[in-house]
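>>> below are the sequence and a predicted model for it; my questions follow.
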Amino acid sequence: MNWCNEYKQKLMNAEEAVTLINSGERVYVGTSSSVAFVLMKALWDRREELENVEITSALALKSMSLYDEAEGNPFTFGTFFMGAKERKARDNGLNLNFTSVHLSQIDIWCKEAARPDVCLFDVSEPDENGYMCLGPSGIALHKFLKESADKVIVQVNKQTSYIFGQNNLIHVSEVDAIIEVDDEPVTLANPEIDEVTKTLSNIIVDQVPEGATIQLGLGSLSTAIGFELVNKNDLGIHSELLSEPMVELMINGNVTNKYKGFMDGKSVFAFALGSTKLYRYLNRNENIYGAEFPFVNDPRIIAKNKKMISINSTMAFDIFGQAASDSLGWKQQSATGGQLDFVRGAQWSEGGKSIIATTSSFIKDGKRISKIVTAFPEGTAITTPRSDIQYVATEYGCVNLKILNMSDRVKAMINLAHPDFRDQLTEDAKRFDLI
C-alpha cells in the first residue's frame with residue numbers, strides 16, 4: 001500500500017476523528033503557533049460524553065471555549081508554559097497543573113511528566129514521500145510526544161509551513177486519523193514600543209558586536225531590540241524563538257549567518273510566532289533550520305556559536321541581580337522556558353555574553369512601582385539565580401554583575417533602579433549589612 005492510499009483510508013471529518021478519544025485519557029493539543037484548533041473545537045463539542053480528560057498545551061493564544069468557558073467544562077489542564085489561554089483556564093477556576101522545566105529538557109515533560117495518550121497535531125500538507133511537517137512550533141517538541149502517545153490525530157492544514165531541519169516530520173503511516181483543514185495560523189502583532197523601552201533597547205544594542213549570533217525572546221523589549229539591530233551587519237541567528245524582527249533582519253540582509261562558527265549559513269530556531277508573512281517566509285526556505293528544544297536550547301550547542309549574544313527580559317530583579325521572569329508571588333505567569341539555557345550557553349560561547357533586561361519601573365493605578373526590589377514577594381520563583389547572572393540592564397545602564405562582589409553588585413543594582421527608589425533600596429541594603 002503506498003502512502004496515498006493509506007492517507008485516503010485514514011481521512012475523516014473532525015467529529016469522527018475525536019471519537020478516538022476516551023474518558024480518562026490525556027490529550028495533547030499543541031503549542032504556540034502549532035495548535036490543532038479545529039480538532040479542539042470538535043473535542044469540546046463532545047464534552048458531555050467525556051469525563052476525566054486532561055488537556056495539555058502551552059502558550060495557547062486563540063480564544064476557544066475549551067479554555068474560556070468554566071460552566072459545563074469537564075476538562076482539566078496541564079502545561080509547561082502558561083500562555084494567555086492557560087492563565088484564562090486557571091483564572092476561571094478550572095483545574096490546571098503547571099510543570100516547571102527547562103526547554104532543553106522538554107523531552108522529560110513529553111515522555112514522563114505529561115505523557116499523552118492522544119496527540120492532536122496541526123501539520124503541513126504531505127510532501128511527495130508522505131511526510132508532513134510538524135509546523136512552526138510543533139517542530140520544537142512534537143517528535144517526543146508522538147513517540148510517547150498511543151494515538152496520533154492530525155489536521156492537515158493548507159496554511160501550515162513546511163520547515164526544513166531535523167526531526168520536523170511525521171509520516172502518514174505514523175498517524176491514526178487525518179482531517180483536512182484550511183485554518184489561518186495564529187498570529188501575534190508587534191507590540192507598541194514606548195520611549196523608555198526604546199531607550200533601553202538602544203543601550204542593549206550597543207552591547208551587540210558586528211557578526212554576533214543573537215537570541216531574542218518575546219515581548220516589547222525584544223521586539224524593539226530586534227528592529228534596532230538593523231544597523232548591525234553579518235548577524236547570525238541561533239534562537240529558541242524566531243520572531244518578526246528576526247525575519248525582517250533576514251529579509252533586509254543584516255542576517256547572513258556567515259560567522260557563527262556552527263551551522264554557518266543557517267538561521268537555527270525551535271519555534272516561530274508572528275505574522276502570516278513570517279510563516280510564509282519559513283515555508284521551504286533552505287536558509288532556515290528548525291529543530292527540537294533539546295537541540296536548540298542545549299547550552300553545549302548554544303556555546304558552539306561565536307559571539308553568542310543572548311538577550312532576555314524579566315519581570316523583576318532583586319538587589320543581587322537575580323531574575324524573576326516567570327512568577328511574582330505564588331501565581332505562575334509564564335515559565336522558566338529557555339532563559340537559563342541561553343544564559344549559560346551564551347557565557348560559554350567564544351566572545352559571547354548573556355543580557356537580562358527590564359525597564360526599571362512601571363505605573364499601576366497612577367503609582368510608580370519599582371521592578372528592582374530588595375527581596376521578591378513570598379512564593380516567587382527565581383528564574384535565573386545570582387550565580388548565573390552576567391549582564392543586567394535597565395534604561396539607566398548595562399552592568400556586568402559576574403565580576404562584582406556582593407556589595408558592589410548591590411550598589412550596581414541600586415544605580416540601575418529608577419531614581420525614586422534608590423534611597424529606599426540603599427537604606428534596605430545598609431539595614432541588612434549588604435553595603
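Perfect, thanks for sending it. Residues are numbered from 1 along each chain as shown.

>>> what residues does stretch 296-306 touch?
Identification of contacts with stretch 296-306 by CB atoms under 8 Å, 6 or more residues apart in numbering yields 102-104, 140, 211, 213, 215, 236, 238-240, 259-262, 268-270, 295, 308, 310, 338, 341-342, 344-346, 348-352. (Each C-beta comes from the backbone N, C-alpha and C, glycine too.)

>>> spit out the contact partners of the spatially closest residue to Asn13 that is not a sequence neighbour.
Computed as CB to CB, 6 or more residues apart in numbering, the closest residue to Asn13 that is not its neighbour in sequence is Ile179, at 6.1 Å. Contacts for Ile179 were tallied using CB under 8 Å, 6+ apart; they are Leu11, Met12, Asn13, Ala14, Ala17, Val38, Leu39, Ile153, Val154, Gln155, Val156.

>>> which element is Ile179 on?
When elements are assigned from DSSP states H and E, Ile179 belongs to strand 177-181.

>>> in PDB, list the C-alpha atoms belonging to the following helix or strand past that strand.
Note on strand 177-181: by DSSP H and E, the next helix or strand toward the C-terminus is helix 195-205. Extracted C-alpha coordinates of helix 195-205, given in PDB (Å, rounded to 0.1, in the frame of the first residue of the first chain):
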ATOM      1  CA  GLU A 195      10.100  55.700  24.900                       C
ATOM      2  CA  VAL A 196      11.600  54.100  28.000                       C
ATOM      3  CA  THR A 197      11.700  50.700  26.200                       C
ATOM      4  CA  LYS A 198      13.300  52.300  23.200                       C
ATOM      5  CA  THR A 199      16.000  53.900  25.400                       C
ATOM      6  CA  LEU A 200      16.700  50.500  27.000                       C
ATOM      7  CA  SER A 201      16.800  48.700  23.600                       C
ATOM      8  CA  ASN A 202      19.400  51.200  22.400                       C
ATOM      9  CA  ILE A 203      21.600  50.500  25.400                       C
ATOM     10  CA  ILE A 204      21.400  46.800  24.800                       C
ATOM     11  CA  VAL A 205      22.100  47.100  21.000                       C
END
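
>>> any chance of the contacts of Ile179 in a markdown table, plus pLDDT?
Listed next are the contacts of Ile179 as a markdown table, based on pLDDT from 0 to 100:
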| residue | pLDDT |
| --- | --- |
| Leu11 | 98 |
| Met12 | 98 |
| Asn13 | 98 |
| Ala14 | 98 |
| Ala17 | 98 |
| Val38 | 97 |
| Leu39 | 98 |
| Ile153 | 98 |
| Val154 | 98 |
| Gln155 | 98 |
| Val156 | 98 |
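
>>> so which of these belong to helices?
Ala14, Ala17, Val38, Leu39 (DSSP state H).

>>> how about a markdown table for these, with distance to Pro245 and neighbour count added?
Below are the ones in helices among the contacts of Ile179 laid out as a markdown table (distance: CB to CB, whole Å; neighbours: other CB atoms under 10 Å):
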| residue | distance to Pro245 | neighbour count |
| --- | --- | --- |
| Ala14 | 36 | 21 |
| Ala17 | 37 | 25 |
| Val38 | 30 | 20 |
| Leu39 | 32 | 27 |
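
>>> for these, which one is nearest Glu6?
Of all the ones in helices among the contacts of Ile179, Glu6 sits closest to Ala17, with 15.6 Å by CB to CB.

>>> that closest one contacts Val38, correct?
No: contact criterion CB atoms under 8 Å: Ala17 and Val38 do not qualify, at 9.5 Å.

>>> and the strands in the stretch 51-200 of the chain, which stretches?
Assigned by DSSP state E, counting those that start in this stretch, the stretch 51-200 of the chain shows strands spanning 54-58, 76-79, 96-98, 118-123, 131-133, 151-157, 169-171, 177-181.

>>> per-residue confidence for Lys41?
Per-residue pLDDT puts Lys41 at 97.

>>> outside of the one helix or strand it maps to, which residues touch it?
In the assignment (DSSP H and E), Lys41 maps to helix 37-45. Contact partners of helix 37-45, identified using CB under 8 Å, 6+ apart, comprise 14-15, 17-18, 21, 27, 29-30, 62, 64-66, 120, 122, 153, 155, 179, 181, 183.

>>> go with 6 Å
Under the criterion CB atoms under 6 Å, 6 or more residues apart in numbering, residues Ala14, Glu15, Val18, Val29, Lys62, Met64, Ser65, Leu66, Leu120, Gln155, Val181, Asp183 lie in contact with helix 37-45.
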